[in-house]
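> Sequence first, then the predicted structure, then my questions.
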Amino acid sequence: KNIEKLMLKDLNDKNINFSMNVEPDTLELTADSEQIEQVIINLLVNAVFALEGKENSAISLTAHLDERGKVLIKTTDNGPGIPEEAVDKIFIPFFSTKKSGSGVGLSLSRQIMRAHGGNIRVSSKPGETIFTLRF
């Protein structure tokens, strides 16, 4: 909910449809909340950037348990997708597909996830990019 409050103005200003779904409502994650918020906000900011100028743009944030009882958090956007040649490089420090990007956001996000015993994965195709945080 904190993340939604922080991002809502930017999402509304850019006419991005945002949805959030947590199942079950009582889902709990034992982690450094500030660090995980930082990871999720970074993913959402990247998604907002990817959707720049796109009509009917949408971002969803979902959290649920996988079949083994592990927490999964996913961000999905309907942007152009990450170029195939860049997908393998996006977690490398200082690599960025953005002209103004520093290339530290996803690298730092991966470090944070690893420090929590989890990982971050990406799946991308034209019209959809999904980042999955697995704890």
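That came through, no problem.
> Next up, the contacts around K70.
R134, F135 (Cβ atoms under 8 Å, 6 or more residues apart in numbering). Bear in mind the C-beta positions are built from the backbone N, C-alpha and C, glycine included.
> In contact with the residue nearest to the spatial centre of the chain, which residues?
For the chain, the residue nearest the mean C-alpha position is L43 (3.0 Å; Cα atoms, centre = their mean). Contact analysis of L43 by Cβ under 8 Å, 6+ apart lists T75, S109, F131.
> Can you tell me the element the first one falls in?
This means T75. Per DSSP states H and E, T75 falls inside strand 71-77.
> ok, back up a step: give me the buried positions along the helix or strand where the residue nearest to the centre of the chain lies.
Taking DSSP H and E as the criterion, the element that holds L43 is helix 33-50. Applying a neighbour-count criterion of 16 or more other Cβ atoms under 10 Å, one finds 35-36, 38-44, 46-48, 50 buried in helix 33-50.
> again, but for stretch 128-135
Using 16+ other Cβ under 10 Å as the test for burial, stretch 128-135 gives T129, F131, T132, L133, R134, F135.
> Sort out for me which of the residues you listed are in strands.
Among the buried residues of stretch 128-135, the ones falling in strands (DSSP state E) are T129, F131, T132, L133, R134.
> Report the next helix or strand after the helix holding L43 in sequence order.
Next helix or strand after helix 33-50 toward the C-terminus (DSSP H and E): strand 58-65.
> Before I go, just wanted to say thanks for your time.
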